[in-house]
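A.B. asks: Based on what follows, work out the 3D shape:
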Amino acid sequence: MADERTDPEEVLQLNTNDKLGRILDVFRGAGEIFDGGQTFLARFRLDIYASRRQQNLYYPFASLGDWEIANFLLTSRLSMRAIDEFLSLRLTNSLPLSFSTAKELRSRAEILPSGPRWNARVVPTTHPTKSPVTLYYRDSLDCVESLFNHPLFAQTMDYSPFRLFTTAERIVRVFTEWMSSDGAWDLQLKFPEGNIVLEPLKQAARFGRMMSDPVGNLRYCFTPLVSYIVDTPEACMLACVRGRTSPVTTAMYKDFGDLDRHPPRTAALTLAQLQSIQCNVNEVERYFAACENFRLSGVSHPFWRDWLYADPSQFLTPEALHHWHRQFWDHDMQWCKHALGAGELDFRFSVLPPIAGFRHFNQGVTKLKQVGGRTQRDAQRYIVVVIAGFPQVDVVIAVRALMEFRYLAQAPAITSQTHDRISAALKTFHDHKHAIIDAGLHRGQTTGAALDHWEIPKLEFMQSVAPSIHQAGAVIQWSADTTEHAHIEVVKDPVTTTNNQNYDSQICRTLDRDEKCRLFSTAVSLSERTDTHNSLAGDDSETDILDHSDPNMADSAGDDAIGNILQDLWSSDRSPICFFDSAEKLSNAPLGSVPRPLRTLAIGRTTLRLNYKPSIRRISIDDAADTFSLPDLCGALSDYLNREGSFCQNFHSFGHQRRSSPNSPLPFNDLHIWFKVRVQQRTYFDSTKFSSAFTINAHPPDRHWKFGRYDAAILNTNPQYKWPLSGLAGTTIPWADRALVYAERLDLVQQAHGLVDHATGLHVLQRAVRASGTPLGEVFPLDQIRSYTHITPRFGAAADNRLSSANSIHFAQSFFLNKYFDKDFFYAIT
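C.D. replies: From the prediction side, this is the model:
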């Protein structure tokens with residue numbers, strides 16, 4: 001190994017800006033490239049049947065159509081009997097297929113190029129077992145190398161550790177992915193010049209390995225153990241400690257409620273304790289008794305003991321799904337249940353105004369069964385507004401502080417300021433948690449008896465979140481969502497293709513076959529694009545379409561088409577639809593080719609989409625005023641036109657005196673009306689990405705919505721401010737009642753301790769009225785809407801039992817601006 005490099009001046013390379021304009025300091029010498037690497041496509045062409053594919057790209061299948069049908073059947077989860085029945089149909093028999101049975105189809109699939117294959121090994125045991133213990137596995141280094149070479153990551157891979165700052169003065173640090181962390185920088189100091197790969201492999205961590213990156217450059221790679229994503233019990237097992245003991249610090253169960261973090265349980269400490277035990281490990285009872293003195297579990301040889309630089313106090317990173325969402329449900333929700341009573345808690349959840357596309361708890365939450373991570377997340381959106389009004393304010397503050405902590409810690413980019421706020425939120429909880437015990441709200445799950453201690457392992461784990469951000473980057477990247485969902489993809493789905501015998505081996509064969517199909521589809525797609533590219537370029541030589549002139553920078557101009565192909569093959573099918581692309585196409589369409597006004601339009605970081613056809617195709621102004629109970633509609637339209645004058649796209653604001661009469665003449669008699677508009681925004685931390693769309697409803701009264709359904713929105717009334725970076729400055733909270741758009745203003749109410757309610761940290765709103773007492777409403781251009789937002793009634797000590805989800809906003813006199821309904825909204829106004 002080369003000598004360690006410790007001089008900051010030797011390793012610092014001042015770079016320019018990243019894609020968001022932030023300052024990058026990049027580690028010099030990391031990510032060095034060497035000749036002799038191979039792209040994914042080059043490796044594909046080294047297959048033993050490559051010569052046959054020069055004449056027939058789809059070999060062992062006859063043609064593209066033959067391969068498409070084969071690929072569909074192989075990945076469809078149909079049984080062999082079902083495939084045989086399909087292939088025996090008369091219509092299928094008329095097709096020029098190269099296979100006629102499921103067995104023949106699978107035989108052809110076996111000779112497709114393969115990725116890392118599943119293997120099986122019988123594990124010997126010292127004690128007899130009912131059946132042999134078989135380990136099914138894939139070579140981990142081969143898996144890492146396959147991922148490192150995969151073309152899907154050609155434009156998204158970082159090869160060098162970096163430090164990210166918001167400005168050139170380098171005052172505010174930003175932590176995002178692991179490469180931005182101090183841990184990555186420090187590890188690079190210890191390794192020879194080369195690259196770091198985020199997968200655990202001991203030999204590669206110690207000696208390194210040459211690997212080809214997606215564009216065919218050869219790189220010297222190391223594999224330190226950076227993160228091991230597990231729940232708390234598994235973390236204790238990996239750290240070799242007993243239950244009721246912290247896996248990452250020296251804290252025991254009696255210390256879990258302490259304000260300050262205990263010293264880390266380092267690898268050196270655990271190994272020293274194990275070495276001090278002189279008992280023979282085969283004398284199980286004596287060895288366990290000796291381990292008890294150190295709170296060790298009895299594991300004598302931790303798997304990480306010979307892993308270079310591996311330390312459980314660092315690689316056991318916090319994980320949102322198990323550590324926060326589950327903790328919320330098991331503890332925070334129970335405190336609120338005991339505080340309000342199950343009936344009151346359920347009622348408050350049930351009368352909250354629903355958000356289109358999100359779960360509405362119309363029957364409450366206390367009787368839910370089989371609660372998963374999605375339900376836990378959805379409940380967190382509303383818990384603060386639900387508990388608000390509980391007489392013991394310290395309880396509300398404690399619940400709110402934990403929600404602030406979770407939301408801040410889930411940010412994909414965490415500045416040094418946000419880092420401090422995360423720590424401050426946790427301190428706020430500890431400063432007020434006594435009220436939960438004083439009120440008898442912290443109770444045993446089985447006995448229901450009040451507890452006077454804080455023996456909650458996940459609570460103690462929260463003390464390690466802030467240090468982990470420095471060490472390993474933003475916590476949200478270590479989510480268990482993917483690994484939890486993998487149980488469906490790699491077990492439940494493949495088992496449907498088996499014959500109900502020897503499940504394990506058949507599942508492995510199915511997984512191998514699925515990956516072969518996807519790899520083959522990728523290679524075929526890349527080959528077709530390469531052939532087209534070379535033909536258009538007039539170049540007979542083989543040109544790699546993924547090659548970039550700068551090996552450390554992604555090509556932002558050329559690979560959109562192939563990127564879309566790879567996304568279709570390898571990414572989730574649940575990606576949101578992008579309205580921004582539609583808006584751009586419509587705005588560039590020739591005049592007269594699309595209806596006006598445009599049904600999809602983009603304004604800065606927001607897009608608005610209307611249905612192609614209005615909900616009401618034609619209605620008179622007077623009838624519309626009656627339908628929506630807007631007696632000043634005609635006057636509002638007239639004032640709007642007078643303010644607009646002969647200029648278009650003027651910026652309008654609230655607060656003008658109503659100058660037009662209710663019967664003012666207008667240059668039109670009828671209106672088109674839409675009942676809803678969908679709003680999509682760029683994400684708060686990365687303007688190159690977009691989030692799922694929200695629906696703003698403006699529906700007139702009907703059988704269910706007696707008073708109509710009118711959602712809230714953020715309306716920009718000052719062009720000097722840009723949502724979301726400016727927060728609520730220069731904005732107004734209106735009810736969007738129609739599209740062109742009539743809105744009634746809600747005002748922020750100053751609180752005793754500032755702009756937000758002291759207990760909940762939420763803005764308080766009330767209806768704005770004119771001097772006459774009528775609602776302050778105006779007509780605005782639709783493109784002044786910037787965001788959906790969620791407002792809820794303030795319940796007080798007890799919710800009015802006459803409320804329902806359809807009338808709670810109508811009858812409420814004041815409201816909360818619920819910032820927790822969406823994380824991007826939370827970041828924008830917090």
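
A.B. asks: contacts and neighbour counts: CA atoms only from here.
C.D. replies: Will do.

A.B. asks: in the chain, which helix or strand is least confident?
C.D. replies: Least confident helix or strand of the chain, by mean pLDDT, DSSP states H and E, is strand 195-196 with a mean of 40.

A.B. asks: got the residue ranges for the helices in the stretch 201-350 of the chain?
C.D. replies: 202-207, 232-239, 267-276, 284-292, 312-315, 326-327, 333-340, 342-351 (DSSP state H, counting those that start in this stretch).

A.B. asks: who does the last one touch, helix- and strand-wise?
C.D. replies: What that stands for is helix 342-351. With contacts taken as 3 or more C-alpha pairs under 8 Å, 6 or more residues apart in numbering; DSSP states H and E, helix 342-351 sits against helix 383-387.

A.B. asks: for the helix it packs on, what is the average pLDDT?
C.D. replies: Averaging pLDDT along helix 383-387 gives 97.

A.B. asks: Toward the C-terminus, what is the element adjacent to that helix?
C.D. replies: Beyond helix 383-387 in the direction of the C-terminus, DSSP states H and E gives the next helix or strand as helix 393-409.

A.B. asks: Can you name the residues in contact with whichever helix or strand comes after that following helix?
C.D. replies: The helix or strand immediately downstream of helix 393-409 is strand 414-415, counting by DSSP H and E. Residues outside strand 414-415 that contact it (C-alpha atoms under 8 Å, 6 or more residues apart in numbering): 172-176, 474.

A.B. asks: Pull up the pairing partners for strand 414-415, direction included.
C.D. replies: strand 173-175 (antiparallel) (DSSP bridges).

A.B. asks: so where's the stretch 551-700 of the chain uncertain?
C.D. replies: Filtered on pLDDT under 70, the stretch 551-700 of the chain yields the residue ranges 551-575, 645-650.

A.B. asks: just to revisit the earlier point, tell me the one among the contacts of strand 414-415 nearest to residue 254.
C.D. replies: Taking C-alpha to C-alpha as the measure, residue 474 is the one of the contacts of strand 414-415 closest to residue 254, at 29.2 Å.

A.B. asks: and the closest one, what pLDDT?
C.D. replies: In this model, residue 474 is scored at 94, pLDDT.

A.B. asks: burial of it, as a residue count?
C.D. replies: Residue 474 has 28 neighbours, counted by other C-alpha atoms under 10 Å.

A.B. asks: about what we covered before: and the helices of the stretch 201-350 of the chain as a markdown table, adding mean neighbour count and distance to residue 105?
C.D. replies: Below are these laid out as a markdown table (neighbours: other C-alpha atoms under 10 Å; distance: least, C-alpha to C-alpha, whole Å):
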| stretch | mean neighbour count | distance to residue 105 |
| --- | --- | --- |
| helix 202-207 | 18 | 38 |
| helix 232-239 | 20 | 42 |
| helix 267-276 | 15 | 51 |
| helix 284-292 | 16 | 53 |
| helix 312-315 | 22 | 44 |
| helix 326-327 | 18 | 45 |
| helix 333-340 | 21 | 53 |
| helix 342-351 | 21 | 53 |
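
A.B. asks: could these go into CSV alongside distance to residue 126 and mean pLDDT?
C.D. replies: Converted to CSV, the helices of the stretch 201-350 of the chain look like this (distance: least, C-alpha to C-alpha, whole Å; pLDDT from 0 to 100):
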stretch, distance to residue 126, mean pLDDT
helix 202-207, 26, 82
helix 232-239, 21, 92
helix 267-276, 22, 95
helix 284-292, 13, 91
helix 312-315, 28, 95
helix 326-327, 37, 93
helix 333-340, 45, 97
helix 342-351, 52, 97
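
A.B. asks: gap between the longest helix seen in the chain and the chain center?
C.D. replies: Criterion DSSP state H: the longest helix present in the chain is helix 503-537. How far helix 503-537 lies from its chain's middle: 28 Å, per C-alpha atoms, centre = their mean, to the nearest Å.

A.B. asks: One more: stretch 156-165?
C.D. replies: A distance of 20 Å separates the C-alpha centroid of stretch 156-165 from that of its chain, computed with C-alpha atoms, centre = their mean.

A.B. asks: buried ones in that stretch?
C.D. replies: Across stretch 156-165, burial judged by 16 or more other C-alpha atoms under 10 Å covers 158-165.

A.B. asks: I'd assumed residue 818 was in contact with residue 793.
C.D. replies: No: look at residue 793 against residue 818 with C-alpha atoms under 8 Å: they stay out of range, at 9.8 Å.

A.B. asks: how far away is residue 626 from residue 704?
C.D. replies: Using C-alpha to C-alpha, to the nearest Å, one gets 18 Å for the distance from residue 626 to residue 704.

A.B. asks: End to end on stretch 129-145, go ahead and measure it.
C.D. replies: 36 Å.

A.B. asks: Just the mean pLDDT for that stretch, thanks.
C.D. replies: Rounded mean pLDDT across stretch 129-145 is 89.

A.B. asks: thinking again about what came up before, the buried residues of stretch 156-165: which two are farthest apart?
C.D. replies: Longest span within these, C-alpha to C-alpha: 159 and 165, 18.5 Å.

A.B. asks: Can you pull out the low-pLDDT segments for this structure?
C.D. replies: The chain contains residues with pLDDT under 70 at 1-17, 191-201, 530-575, 645-650, 730-739.

A.B. asks: What segments of the stretch 701-830 of the chain are helices?
C.D. replies: Under the criterion DSSP H, counting those that start in this stretch, helices of the stretch 701-830 of the chain are mapped to 808-811, 823-829.

A.B. asks: want to try TSV for the ones you listed, with distance to residue 446 and mean neighbour count as columns?
C.D. replies: Output for the helices of the stretch 701-830 of the chain, formatted as TSV (distance: least, C-alpha to C-alpha, whole Å; neighbours: other C-alpha atoms under 10 Å):
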stretch	distance to residue 446	mean neighbour count
helix 808-811	36	18
helix 823-829	34	18
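
A.B. asks: now the contacts of strand 414-415: which count as buried?
C.D. replies: Buried among these (16+ other C-alpha under 10 Å): 173-176, 474.

A.B. asks: Switch those over to TSV; also include distance to residue 521.
C.D. replies: Below are the buried ones among the contacts of strand 414-415 laid out as TSV (distance: C-alpha to C-alpha, whole Å):
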residue	distance to residue 521
173	42
174	39
175	36
176	33
474	34
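
A.B. asks: between these, which is nearest residue 247?
C.D. replies: Ranked by distance to residue 247 (C-alpha to C-alpha), those are led by residue 474 at 20.2 Å.
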